[in-house]
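> give me the fold of what follows.
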Amino acid sequence: MKITLAERDLYLLQIETEIKNKRNLLIKKKKDLEKKQNLNHYLDDVKQNYSKYYNYILKEKQKQYDALLILKVYMDDLIKTEHLVDEQLKIAKYEQKDIIREIDKVKAELDELIE
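Just a heads-up that it's a prediction; the model follows:
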């Protein structure tokens, strides 16, 4: 099948147009990919900052929990060993209950953070 010179030129022009369109599409996809990559770096930074903040909160809650346990042990020892008058004993027991409630609260917060 013979084609004329004009038909061949039109065919080549059509191929060149398709090549340009494909090249433009690839350039556009490359730019989109670069934008997504930059966004990904930003999200990685956000995730790292969140992880640091989360770990800090977790450590602080653990310190709070440990301090309250020490206080509870102290109150237990105080109630057992000291000869407290009735009013002082009532106050100590009430404070001990407060400490136990606070320990439970902090423990629940720690459990929530860990999950």
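
> buried ones in the helix or strand hosting residue 87?
For residue 87, the enclosing helix or strand under DSSP states H and E is helix 86-114. For helix 86-114, the neighbour count (16 or more other C-beta atoms under 10 Å) marks 92, 96, 99, 103, 106, 110 as buried. C-beta here means a position set from N, CA and C on the backbone, and glycine is covered the same way.

> can you pull the pLDDT of the nearest residue to the last one once chain neighbours are set aside?
Read that as residue 110. Take residue 110 and drop its neighbours on the chain: the residue closest to it by C-beta to C-beta, 6 or more residues apart in numbering is residue 61, 4.9 Å away. In this prediction, residue 61 carries a pLDDT score of 86.

> residue 61 in helix, strand or coil?
Secondary structure, DSSP: H, G, I helix; E, B strand; the rest coil: residue 61 is helix.

> what is the mean pLDDT for the helix holding residue 87?
Rounded mean pLDDT across helix 86-114 is 81.

> so what secondary structure elements neighbour it?
Contact here means 3 or more C-beta pairs under 8 Å, 6 or more residues apart in numbering; DSSP states H and E; on that basis helix 86-114 packs against helix 5-81.

> how much space separates the closest residue to residue 65 other than its chain neighbours from residue 41?
Of all residues not flanking residue 65 in the chain, residue 106 sits nearest, at 4.7 Å (C-beta to C-beta, 6+ apart). Going from residue 106 to residue 41 by C-beta to C-beta, to the nearest Å gives 36 Å.

> cool, and residue 64?
35 Å.

> if we can go back for a sec, among the buried residues of helix 86-114, find me the one that's closest to residue 29.
The shortest gap between residue 29 and any of those belongs to residue 110, at 46.9 Å (C-beta to C-beta).
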